[in-house]
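Engineer: Just a sequence and a predicted model for now, questions to come.
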Amino acid sequence: MSEGNTLYLVCWPCHEAEEADFGVKLASRDRIGFYTHDAPSKTLDAWMSLHRKCGGRNHPDHFRIAHLHNPDHDQPPDVSPIVEAMRVNGSN
């Protein structure tokens, strides 16, 4: 089985400043559609409390979601991408 992916919550100002503790691991997957929760609530709460003011007074939403690998890196490329949506009744 190929390696899945991992989700992180990242404090963007700390990431840009190359701080050691800029992210916390939220979940990981080893199969399609199934992520395992990796951050206990107390760990996530403590990390969020530590980084809540890093964006400054005017940028409270400075957190971002990040993947360890490019999204869907372990999936085969689409051979025939959907180029047009069609409703169930057949109309466009």
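Structural biologist: All right, it came through fine. Numbers count the residues shown, from 1 in each chain.
Engineer: Which helix or strand lies directly C-terminal to the helix or strand bottoming out on mean pLDDT in the chain?
Structural biologist: When each helix and strand of the chain is scored by mean pLDDT, DSSP states H and E, strand 34-37 comes last, with a mean of 87. Per DSSP states H and E, the first helix or strand lying C-terminal to strand 34-37 is helix 41-51.
Engineer: can you pull the buried residues of that next one?
Structural biologist: Leu44, Trp47, His51 (16 or more other C-beta atoms under 10 Å). Glycine gets a C-beta too; all of them are placed from N, C-alpha and C.
Engineer: so the second one makes contact with Val24?
Structural biologist: Yes. Trp47 sits in contact with Val24 when judged by C-beta atoms under 8 Å, with a separation of 4.4 Å.
Engineer: Find residues that contact each of these two.
Structural biologist: Leu9, Ala39 (C-beta atoms under 8 Å, 6 or more residues apart in numbering).
Engineer: so the residue nearest to Leu68 when sequence neighbours are not counted bridges to which residues?
Structural biologist: The shortest distance from Leu68 to any non-neighbouring residue, by C-beta to C-beta, 6 or more residues apart in numbering, is to Thr6 (3.9 Å). Beta-bridge pairing for Thr6 (DSSP bridges): Ser28.
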